[in-house]
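> mind folding the following:
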Amino acid sequence: MSNHIPLKFNRYQLLSHLNFGTRNTHICGRGVGKTTNIGWIMHNVVTDMPRSANALVCRTYLQALTRTLPAVIAGLETFGYRLGRDFLVGKEPPRHWERPYFPPLSYEHFIAFPNGAGYHLVSQDRKGTARGFNIDSWIADEGLNLIKQMLDDEISVANRGNLSRFAHSRYHHSETIVSSQPILPESKWLLEASQYYRIGGQDYEDFRNELVDVLMNIIDANTEEEIEHHWQFAKKLKREFKFYRHTDIIPVTNEKLTSFFIDADVFDNIENLGWKYIRQQRASMSDLTFRVEILNAIFTISEKGFYPDLADRHLYDISDYSAFDELIYSVNPGEGVNSLLDPSINPQMPLHIACDYGGSFNCLLASQEYVDEERIVSEFYAYHPEKMDNVVNQFIKYFGSHPKKEVHFWYDQTAIGTSGLIEFNYADEVQRLLRQAGWDVRPHYVGAAPPHPIKYQFIGKLLSERDPSLPKVRMHRENCRATYNSMRMVAIKQGRNGFEKDKSPEKKSSVDQAKAPHLSDAFDVLMYHKHADKQQGDSGWSGGAVGL
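Predicted structure coming up:
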């Protein structure tokens, strides 16, 4: 490892290190330096506690392999570490390296360092992966996706022992959760860590929401005078709200328990990112997405959302990752992923697909129907100038080895109009490409889309799971992330004929179209037309042809 690495921490990073406590919660927007911060915490843990065994916790193993692990490696490299020289991932360390006091039975899911310290790679979808561990600290990435009960039952209880060896270290038995703003009610527990500010006379949520409004004024200002005026007010708000470490004394043992909650937005890292980056992000996102993901606004699910019944229960994780284990050794682990590695996909069952089409964005959802469950297993999409054929070819590649080459294609009237972007209408093009690749295509033309209120009522009934005649909908947490986020952000607006889905983000070139309603529209086509006629007491919409 290099002897001299120049460091310059931003406000968020500096405050989090100066106030590091037993329990740390970092709620951060995109671009604030979370990855670098995790790398610095790991560096301190490793150097301050040689031969310690720690845990890096993720919601899913696929997340750990494809997002968290590459980010952690990049974060460590910021401080001079080099993979293969200063640490190993998933490999038995050489004999001259030290071992942890409580070494893993296998190094297959372990990050090892020469002084014997290391990190277990733990995911909540691999049941019991933390049971039996004795760990000395843990860090959790993407905290909004974590299951708190499992965190308490498996990870926190394993954070024990070695007091005689590491009592000197501020990092011993520490817990650190790094997350973007929690969106759904299931993840709002993260904000409970900020309650000590309210007891101390500061309201964190009021501060953050007021600050976000001011920051939006800065970005959307038309003159330098306006920018300066709002910027001075923003700095005043940040000065007035004091982030500090809180100490509780535990009765009986008289032990001190320190907690530190901090949040950060893109302006906390503006010296590294620059004004141009913030402007680019503003131009590429909807107002809501920008406020939440970049400015770290506290998100409340609006009653005006088109999918108010959408919840974490509609996501599923795969339970058997044995087929993925070899990917841990890959430099780019995501590149080798295909349908055969996913045990949630039944290789002997056909697939069902629905699409959304357009000049700026094309997408496709794939599902399988079980006895009482509609399982959406994957999503595919492409931006302009790529066309629908690119999306279909993604599907063909991913499911290239799927034994049951049968696909049911659900489409409405939006698929049969001609487009200047392709020689045929969309429905013909999708079927042609699939059949050319050897798929037996079963088309289901459903005619006109139902009115928005009818679709809204049915999808609400489906997602609420209050009608036993309807299947439960489950989406692959990792493979359908964009679809879930698209649905989460869709609003209702008042139209000429009553309320309707707000499709205005699709018309804005500045909005990232993966976060516009396109993917949610594909979901609607697939779910409504497959299942509306099953609901109790209602035969659904009959505004067009059904089936071919």
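
> pull up the distance across stretch 513-520, start to finish.
By Cα to Cα, to the nearest Å, the extent of stretch 513-520 from end to end equals 11 Å.

> in it, what's buried?
If you call a residue buried by 16 or more other Cβ atoms under 10 Å, then stretch 513-520 has these buried ones: 513, 514, 515, 516, 517, 518, 519, 520. The C-beta positions use only the backbone N, C-alpha and C, and glycine is treated the same way.

> now swap in stretch 99-116 and tell me
Quick answer for stretch 99-116 (16+ other Cβ under 10 Å): 99-101, 103-104, 107, 109-114, 116.

> rewinding a little: return the item of the buried residues of stretch 513-520 having minimum pLDDT.
Across the set of the buried residues of stretch 513-520, residue 515 stands lowest in pLDDT, at 80.

> ok, and the closest non-adjacent residue to it?
residue 289 (5.4 Å; Cβ to Cβ, 6 or more residues apart in numbering).

> got the confidence number for that neighbour?
pLDDT, read off for residue 289, is 77.

> likewise residue 528?
91.

> could you pull out the strands in the stretch 251-400 of the chain for me?
With DSSP state E, counting those that start in this stretch as the criterion, the stretch 251-400 of the chain has strands at 255-264, 315-316, 351-356, 361-369, 373-383.

> please read the previous query as pertaining to the stretch 401-548 of the chain.
All strands of the stretch 401-548 of the chain, identified by DSSP E, counting those that start in this stretch, fall at 406-411, 440-445, 472-476, 492-495, 498-501.

> can you give the strand pairings for the second one, parallel or anti for each?
In this case it means strand 440-445. strand 406-411 (parallel) (DSSP bridges).

> now do the strand it pairs with, average pLDDT.
96.

> then stretch 36-45?
94.

> pull the residues that contact it.
12-13, 16-17, 20, 26, 52, 54, 56, 71-72, 74-79, 81, 117, 119, 136-137, 139, 141, 171, 174, 176, 178 (Cβ atoms under 8 Å, 6 or more residues apart in numbering).

> circling back: can I get the buried residues of stretch 99-116 in TSV including distance to residue 403 and pLDDT?
Shown next, in TSV, are the buried residues of stretch 99-116 (distance: Cβ to Cβ, whole Å; pLDDT from 0 to 100):
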residue	distance to residue 403	pLDDT
99	44	95
100	44	95
101	48	93
103	42	90
104	36	89
107	35	90
109	30	87
110	35	92
111	37	95
112	39	96
113	44	97
114	46	97
116	47	96
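
> from the residues you listed, which single one is nearest residue 211?
Distance to residue 211, by Cβ to Cβ, is smallest for residue 111 among the buried residues of stretch 99-116, at 36.3 Å.

> residues in contact with that closest one?
56, 72, 87, 88, 89, 118, 119, 121 are the contacts of residue 111 under Cβ under 8 Å, 6+ apart.

> filter those down to just the ones in helices.
residue 72 (DSSP state H).

> thinking again about what came up before, out of the strands of the stretch 251-400 of the chain, deepest packed?
strand 351-356 (a mean of 26; mean count of other Cβ atoms under 10 Å).

> could you check the angle it makes with strand 361-369?
150 degrees (axes from the mean of the first three to the mean of the last three Cα atoms, to 10 degrees).

> tell me where the stretch 201-350 of the chain has helices.
For the stretch 201-350 of the chain, applying DSSP state H, counting those that start in this stretch gives helices covering 204-219, 224-240, 270-284, 287-293.

> how about these in CSV, adding mean neighbour count and distance to residue 434?
Formatted as CSV, those follow (neighbours: other Cβ atoms under 10 Å; distance: least, Cβ to Cβ, whole Å):
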stretch, mean neighbour count, distance to residue 434
helix 204-219, 18, 44
helix 224-240, 13, 52
helix 270-284, 15, 32
helix 287-293, 20, 33
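
> could you dump the ones you listed into a markdown table with distance to residue 385 added?
Output for these, formatted as a markdown table (distance: least, Cβ to Cβ, whole Å):
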| stretch | distance to residue 385 |
| --- | --- |
| helix 204-219 | 29 |
| helix 224-240 | 35 |
| helix 270-284 | 17 |
| helix 287-293 | 23 |
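
> quick one: low-confidence parts of the protein?
Residue ranges of the chain with pLDDT under 70: 1-6, 126-132, 252-254, 286, 300-304, 319-336, 417-424, 494-499, 510, 536-548.

> care to break it down by domain?
31-179, 312-534 (automatic domain parsing).

> one step back: of the contacts of stretch 36-45, which belong to strands?
Cross-referencing these against strands under DSSP state E gives 26, 54, 56, 119, 137, 139, 174, 176, 178.

> possible to save those as TSV with neighbour count and distance to residue 376?
Shown next, in TSV, are these (neighbours: other Cβ atoms under 10 Å; distance: Cβ to Cβ, whole Å):
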residue	neighbour count	distance to residue 376
26	26	31
54	27	35
56	23	29
119	27	33
137	25	37
139	24	31
174	23	38
176	26	33
178	20	28
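
> residue 233 reaches residue 211, doesn't it?
No: with contact defined as Cβ atoms under 8 Å, residue 233 does not count as touching residue 211 (9.3 Å).

> ok, the residue nearest to residue 111 when sequence neighbours are not counted - contacts?
Closest residue to residue 111 apart from its sequence neighbours, by Cβ to Cβ, 6+ apart: residue 119 at 4.3 Å. Counting by Cβ under 8 Å, 6+ apart, residue 119 touches 42, 53, 54, 55, 56, 110, 111, 139.

> for these, give me JSON lines that also has distance to residue 384.
Below are the contacts of residue 119 laid out as JSON lines (distance: Cβ to Cβ, whole Å):
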{"residue": "42", "distance to residue 384": "40"}
{"residue": "53", "distance to residue 384": "49"}
{"residue": "54", "distance to residue 384": "45"}
{"residue": "55", "distance to residue 384": "43"}
{"residue": "56", "distance to residue 384": "38"}
{"residue": "110", "distance to residue 384": "44"}
{"residue": "111", "distance to residue 384": "40"}
{"residue": "139", "distance to residue 384": "39"}
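
> which non-adjacent residue is nearest residue 188?
Nearest one to residue 188, counting by Cβ to Cβ, 6+ apart, is residue 182 at 5.3 Å.

> repeat that for residue 162.
residue 136 (5.6 Å).

> next one: residue 486
That would be residue 519: by Cβ to Cβ, 6+ apart, it lies 4.0 Å from residue 486.

> identify the residues contacting that neighbour.
356, 363, 365, 379, 381, 482, 483, 486, 487.

> how close does it get to residue 279?
Residue 519 sits 26 Å away from residue 279, going by Cβ to Cβ, to the nearest Å.

> over to residue 35?
In terms of Cβ to Cβ, residue 35 sits 23 Å off from residue 279.

> just the strands from the stretch 51-200 of the chain, written as ranges.
Under DSSP E, counting those that start in this stretch, the stretch 51-200 of the chain gives strands at 53-58, 88-89, 110-112, 118-123, 137-140, 174-179.

> so how far is residue 35 from the residue nearest to residue 210 when sequence neighbours are not counted?
Spatially, and ignoring its direct neighbours in sequence, residue 210 is nearest to residue 237 (6.4 Å; Cβ to Cβ, 6+ apart). With distances taken as Cβ to Cβ, residue 237 is found 27 Å from residue 35.
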